[in-house]
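Q: please find the sequence and the predicted model below.
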Amino acid sequence: MGRVTVFTITGCPFCIKAKTALKERNIPYVEINLTEHPEKRSDMLSLSNSLTVPQIFFNEKHIGGATETIEFLEKEEYTESRYKKEIKDQPDPTDERLSLPTSKPVNVDSSAPPRGEDDNITIPNSDKQVMSILDITKRLVQSTPSKNLPYYGTTYKNSIKGSDFINHLMKEFSIKDKKDAISFASTLQKRGIVHHVTSEHEIQDTDNLFYRLQPFQTPNVLNSYIKWDIRVDEDYMAIISRLAKMMQSIETRATDKDGNVDLIEVVKDEKYAEFEENVCELQGIDMNSMDDNTKTAFIINVYNLMIKYSRTKYQPRKDSSAQRAGYFTKVLTNIGNELFSFQDLENGILRANALPPYALKTVFQAGDERVRHIVKKVDPRLHFALNCGAKSCPPVKKFSARDIQEELRIVALAFCEQEDNVQIDVEANELHLNMIFKWYRPDFASNISGLPKALLPYLLNDRKESLQTMIDKNVKIKIKFNTYDWSSNISRFVEFNPSLLKANEVSLKNIFTRS
């Protein structure tokens, strides 16, 4: 019996679109997931001569990726009866490369290690209820009547008066004695669940002091839902894999049949707060002992994960360069209790503190201790691995210290095989390139005229031969850069605004206002 075979990776929106198109026509298929079975990548490449997913086969006939498959189904008016006649009723594919995997799937446990008794707090009520820091934080975030409170010209966002907070604890947790409530509030402050807005005062039952829950204390730091005070013993790369799997599961539940993600629904997911707590584990990771391969894989994975996470809070408009500039420089991640922007991770660590595009100075200035984390040698292929925004997905989403060189080779080939990124016009002697090659040209070649030769290692077969033919002409190749496509597969989101990153705001009109 014949079959439709779909090569995919987990979380690929283009794979979702292609599979949806097949389902709508009642065409069954078998799926070979390269995330779970990376050993099948070479089979897909040799069969399709392509490194992007999905790749779809009707028996042994290669149809193509998502776009080609959908166009084929629509143009041919492909139906269930036609599938039965042309595919199902035919013999099984004999090509071993289309055989289903027999190995055990690569699996990452998405559950965090047990926290132990130190993670629990006893509530001083009649039931002596015991709750975890996460459960208390979630409950307080949902129930606390926080407000924007002005005081001598400064507005303290998402805050509450000390007296109101004590009363709220009594009501929310059924605490009868106010002294017990004050003692409980003090415990919450010591455990980092609540803070004085300027970290100057202990918790007090007063109207004159304002307090704020930890998730609102540093809104510019993504992974600050809790303060991580537990020793991190788990393998660092395993932590990132686990976190990525958690986020992918949440996003999948908020993804429609066309592969579009509703970020408003992501935040409502029952597992979102658990992810927010778990991702704070990055606060306890020490990068000092990492070699360059480990650090490269680690930072790429962190960057891509935190880009996804940051989108759930605020997403810049695709047509706003000002929003994007603020987004990449002001949204921070806490790694080992040091703060890094996306700019810091890319241009500071991975590019060895090279000058960012259009910038006048490097991100790590003299005296910045974070400079110790930079890699020794810049690998230009990192630009094909960070936050892939291509029209199709490369069959690598997760990078490992052991296989980072091969994984970077694959994503480089996958990126450059797409016409939108590298288009070779031999007759016109022109090379049309993605803007990435202009922004980060120093990583690829010493000057623009050196780009064609620098691209050769990232091309395969006919495309490589075509470019070599152009180079061999020994005449100047015209290089043109395409407009960068900032579009994404997001349907609903909160628009980025720099004010969202501020816990406090100074306003002259409130200068004489006192709460």
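A: Perfect, thanks for sending it.

Q: and the strands in the stretch 1-150 of the chain?
A: 4-8, 30-33, 55-58, 61-64, 120-122, 130-132, 147-151 (DSSP state E, counting those that start in this stretch).

Q: of these, which stretch is the most buried?
A: Greatest average neighbour count among those goes to strand 55-58 (a mean of 26), per mean count of other CB atoms under 10 Å. For every residue, glycine as well, the C-beta is placed using N, CA and C.

Q: contact partners of that one?
A: 2, 4-7, 18, 29, 44, 47-48, 62-65, 68-69, 86-87, 93, 98 (CB atoms under 8 Å, 6 or more residues apart in numbering).

Q: can you redo the strands of the stretch 1-150 of the chain as JSON lines with mean pLDDT and distance to residue 113?
A: Compiled in JSON lines, those are given as follows (pLDDT from 0 to 100; distance: least, CB to CB, whole Å):
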{"stretch": "strand 4-8", "mean pLDDT": "97", "distance to residue 113": "30"}
{"stretch": "strand 30-33", "mean pLDDT": "96", "distance to residue 113": "26"}
{"stretch": "strand 55-58", "mean pLDDT": "98", "distance to residue 113": "37"}
{"stretch": "strand 61-64", "mean pLDDT": "96", "distance to residue 113": "43"}
{"stretch": "strand 120-122", "mean pLDDT": "95", "distance to residue 113": "15"}
{"stretch": "strand 130-132", "mean pLDDT": "95", "distance to residue 113": "14"}
{"stretch": "strand 147-151", "mean pLDDT": "96", "distance to residue 113": "37"}
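
Q: need those strands in JSON lines with distance to residue 105, can you?
A: Below are those laid out as JSON lines (distance: least, CB to CB, whole Å):
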{"stretch": "strand 4-8", "distance to residue 105": "13"}
{"stretch": "strand 30-33", "distance to residue 105": "8"}
{"stretch": "strand 55-58", "distance to residue 105": "19"}
{"stretch": "strand 61-64", "distance to residue 105": "25"}
{"stretch": "strand 120-122", "distance to residue 105": "35"}
{"stretch": "strand 130-132", "distance to residue 105": "31"}
{"stretch": "strand 147-151", "distance to residue 105": "49"}
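
Q: out of those strands, nearest to residue 177?
A: Closest of the strands of the stretch 1-150 of the chain to residue 177 is strand 120-122, at 14.5 Å (criterion: CB to CB).

Q: show me what the closest one packs onto, helices and strands only.
A: Here strand 120-122 touches strand 130-132, helix 133-143, going by 3 or more CB pairs under 8 Å, 6 or more residues apart in numbering; DSSP states H and E.

Q: go again with 7 Å.
A: strand 130-132 (3 or more CB pairs under 7 Å, 6 or more residues apart in numbering; DSSP states H and E).

Q: how distant is the strand it packs on from the center of its chain?
A: 30 Å (CA atoms, centre = their mean, to the nearest Å).

Q: strand partners of that strand, parallel vs antiparallel please.
A: strand 120-122 (antiparallel) (DSSP bridges).

Q: need the contact partners of the strand it pairs with.
A: Contact with strand 120-122 is made by 128, 130, 131, 132, 133, 136, 187, 191, as judged by CB atoms under 7 Å, 6 or more residues apart in numbering.

Q: how much space between residue 144 and residue 188?
A: 11 Å (CB to CB, to the nearest Å).

Q: go on, residue 94?
A: Distance from residue 94 to residue 188, by CB to CB: 66 Å.

Q: neighbour count: these two, which is higher?
A: Ranked by neighbour count (other CB atoms under 10 Å), residue 94 and residue 188 place residue 188 first, with 23 against 9.

Q: nearest spatial neighbour of the more buried one, chain-adjacent residues omitted?
A: Excluding the flanking residues, the one nearest residue 188 by CB to CB, 6 or more residues apart in numbering is residue 194, at 4.7 Å.

Q: touching, the one you found and residue 210? I think so.
A: No - assessed by CB atoms under 7 Å, residue 194 is found out of contact with residue 210, at 10.9 Å.

Q: so who does the residue of the chain positioned farthest from its centre touch?
A: In the chain, counting by CA atoms, centre = their mean, residue 177 sits farthest out from the average C-alpha position, at 45.6 Å. With contact set as CB under 7 Å, 6+ apart, residue 177 has no partners.

Q: just the helices in the stretch 351-500 of the chain please.
A: Using DSSP state H, counting those that start in this stretch, the helices of the stretch 351-500 of the chain run over 404-416, 436-439, 441-444, 451-455, 461-472.

Q: out of those, which gets nearest to residue 76?
A: When the helices of the stretch 351-500 of the chain are compared by CB to CB, helix 461-472 sits nearest residue 76, at 26.7 Å.

Q: now do the domain split for this structure, please.
A: Following automatic domain parsing, one gets these domains for the chain: 4-98, 117-217, 236-404, 421-481.

Q: quick check: pLDDT value at residue 393.
A: According to the prediction, residue 393 has pLDDT 66.

Q: now swap in the one 5 residues further on and tell me
A: The predicted local confidence for residue 398 comes out at a pLDDT of 89.

Q: give the burial count for it, as a bare number.
A: 22.

Q: who are the neighbours in contact with it?
A: Residue 398 touches 241, 244, 301, counting by CB under 7 Å, 6+ apart.

Q: let's see it at 8 Å
A: Taking CB under 8 Å, 6+ apart, one finds 35, 241, 244, 301 in contact with residue 398.

Q: give me the nearest residue to the third one, chain neighbours excluded.
A: Closest residue in space to residue 244, ignoring its immediate chain neighbours: residue 305 at 5.2 Å, by CB to CB, 6+ apart.

Q: good, we can wrap up now.
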